[in-house]
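In: Okay, sequence plus prediction incoming.
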Amino acid sequence: MRILVTGGAGYIGSHTLVELLAAGHEAHVVDTFANSSPEALARVRQLANRDFGFTRADIRDGEAMARVARDFAPEAVAHFAGLKAVGESVGKPLAYFDVNVGGTVALLQALQAEGCRRFVFSSSATVYGDPDYLPIDEAHPRRTTNPYGRTKLQIEGILEDLAVADPAWSIALLRYFNPVGAHASGRIGEDPEGIPNNLMPYVTQVATGRRERLIVHGDDYDTPDGTGVRDFIHVVDLARAHVAAAEWTGRGAGCEAFNLGTGRGASVLELVAAFRAASGQAIPVTVGPRRAGDIAASWADPARAARVLGWRAELGVAEMCASAWGWAARNPAGYAGPERNPD
């Protein structure tokens, strides 16, 4: 199957690209490298021992998206491209709506014109907001506490309306929780620019000496140890779920949502302890104030993904932390620096 991957040089996109190629699919990547590195794609080629197409373009560029859709003629799309930091979105809401919502509309228009109607949207569990109950299933009311989440929610609404207007569309909304970890090779992983907005890259940067200590955003939540509880999911499990969803679009119809997680919550301090055990590194911690838009606890009921997609998370917190350390130890400066053999 020919699959277009937007944002394919990013953290989740690059891991999904590896899994798509391993499954025998043909791929074409669209990325701007605004929050990613060309080196990630070079390493994917080496890991997969297969080539794929690439176009450097912004998804908001309708003419560029039309050319890609016409020239590559994708049978399905895995859509990752967009801005994704909750905290940043609070300060820059217009940028988030412009890129995430406007870009998705431009992409969908190009695909519709070329007859491609199989679409996997990399959404987020943030569309559920502060949960009414746990674990969260797909029937949970949708709302959100931050502009990033509102862009995801708005895109989901657009896709649902599109599927009603044209029943030929087959759309999977993948609402995943907190991806962490890295490829087992240690050659691709999460490499955010500037100060990380997510927990694991911050922890790895402390472990490699790039940062002095981890700032934990609040320890007064109504959770067992006071820190936020999340459903952390290994990025490789998440990548495989995207492959399963892309294949499902050839069988399914309409617009369907799937929660992707392990079904178990772990607190920030639990993850830090597991990382210490996996890496042997001391991770100094300082407690800071709560971060705008954060919630106390969130974890998934992933039963529907197992039943419909045939997908289950297979890797636990220990594997998440070990693989994240493998990436960080081999690439202490991320993609910007030389690789080294940690042994």
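Out: Looks like it came in fine. Keep in mind it's a predicted model, so treat the numbers as computed, not measured. Numbers count the residues shown, from 1 in each chain.
In: Quick check on the nearest residue to E256 once chain neighbours are set aside: phi, psi?
Out: In space, E256 comes closest to A172 once its chain neighbours are excluded; the distance is 6.0 Å by C-beta to C-beta, 6 or more residues apart in numbering. Yep, even glycine has a C-beta here, placed from its N, CA and C like the rest. Dihedral pair for A172: phi -110, psi 120, per degrees, to the nearest 10.
In: Please apply the same query to A297.
Out: Dihedral angles phi and psi of A297 (degrees, to the nearest 10) take the values phi -150, psi 150.
In: repeat for the one 5 residues further on
Out: Phi and psi for P302, reported as degrees, to the nearest 10, are phi -90, psi 20.
In: can you tell me which residues contact it?
Out: By C-beta atoms under 8 Å, 6 or more residues apart in numbering, the residues touching P302 are 258-263, 312-313.
In: now this protein, which segments are flagged as low pLDDT?
Out: Confidence mapping of the chain against pLDDT under 70 gives the ranges 342-343.
In: Point me to the residue sitting closest to the centre of it.
Out: Closest residue to the average C-alpha location of the chain: I12 at 4.6 Å, with C-alpha atoms, centre = their mean.
In: Could you pull up the residues touching it?
Out: Going by C-beta under 8 Å, 6+ apart, I12 touches 80, 122, 179, 235, 238-239, 242.
In: in a helix, that's where it is, yeah?
Out: Yes - the assignment for I12, made by DSSP: H, G, I helix; E, B strand; the rest coil, places it in a helix.
In: The closest residue to G82 other than its chain neighbours: what secondary structure?
Out: Counting by C-beta to C-beta, 6+ apart, G82 lies nearest to N100, which is 4.3 Å off, once chain neighbours are set aside. Assigned with three-state DSSP, N100 falls in the helix class.
In: rewinding a little: among the contacts of I12, which one sits closest to D222?
Out: Using C-beta to C-beta, P179 is the member of those that sits closest to D222, with 24.8 Å.
In: What does that closest one show for phi and psi?
Out: For P179, the backbone dihedrals are phi -70, psi 130 (criterion: degrees, to the nearest 10).
In: Would you mind measuring from it to T286?
Out: Applying C-beta to C-beta, to the nearest Å, the value for P179 to T286 is 25 Å.
In: swap in L4?
Out: 43 Å.
In: Over to F177?
Out: To T286, F177 is 25 Å away according to C-beta to C-beta.
In: Among these two, which residue is more densely surrounded?
Out: With other C-beta atoms under 10 Å as the criterion, F177 and T286 differ in neighbour count, and F177 comes out ahead with 25 against 9.
In: so what's the spatially closest residue to the more buried one that is not a sequence neighbour up against?
Out: With sequence-adjacent residues excluded and distances taken as C-beta to C-beta, 6+ apart, F177 is closest to D231, at 3.7 Å. D231 makes contact with 125, 135, 177-178, 261-266, 298-300, according to C-beta under 8 Å, 6+ apart.
In: How about D220?
Out: The neighbours of D220, taking C-beta under 8 Å, 6+ apart as the test, are 226, 290.
In: repeat for F33
Out: Listed by C-beta under 8 Å, 6+ apart, the contact set of F33 reads 9, 56.
In: so it, which of the three states?
Out: At F33 the chain is in coil, as set by three-state DSSP.
In: R2 versus that one, what's the distance?
Out: 23 Å.
In: Equivalent analysis for R304, please.
Out: R304 sits 27 Å away from R2, taking C-beta to C-beta as the criterion.
In: where along the stretch 201-343 of the chain do the helices fall?
Out: Under the criterion DSSP state H, counting those that start in this stretch, helices of the stretch 201-343 of the chain are mapped to 235-248, 268-279, 303-304, 317-330.
In: quick one, which of these is nearest to P131?
Out: Comparing the helices of the stretch 201-343 of the chain under C-beta to C-beta, the one sitting nearest is helix 303-304, at 16.3 Å.
In: helices and strands around the closest one, which ones?
Out: With contacts defined as 3 or more C-beta pairs under 8 Å, 6 or more residues apart in numbering; DSSP states H and E, helix 303-304 has no helix or strand neighbours.
In: and with 10 Å instead?
Out: Taking 3 or more C-beta pairs under 10 Å, 6 or more residues apart in numbering; DSSP states H and E as contact, the helices and strands that helix 303-304 lies on are strand 254-260.
In: pretty sure E39 is in contact with A9, am I right?
Out: Yes - in this structure, E39 sits in contact with A9. The criterion is C-beta atoms under 10 Å, and the distance is 8.7 Å.
In: what residues do these two have in common as contacts?
Out: Overlap between the contact sets of E39 and A9, as judged by C-beta atoms under 10 Å, 6 or more residues apart in numbering, is given by 33, 188, 335.
In: the inter-axis angle of the longest helix along the chain versus strand 254-260?
Out: Using DSSP state H to define each element, the chain has its longest helix at helix 147-165. With axes from the mean of the first three to the mean of the last three C-alpha atoms, to 10 degrees as the basis, helix 147-165 and strand 254-260 are set at 150 degrees to each other.
In: dump the residue contacts of N259.
Out: Applying C-beta under 10 Å, 6+ apart as the definition, the contact partners of N259 turn out to be 123, 125, 128, 135-138, 140, 173-177, 231, 299-305.
In: Apart from its chain neighbours, what residue comes closest to it?
Out: Leaving out its chain neighbours, N259 is closest to A300 (C-beta to C-beta, 6+ apart), at 4.3 Å.
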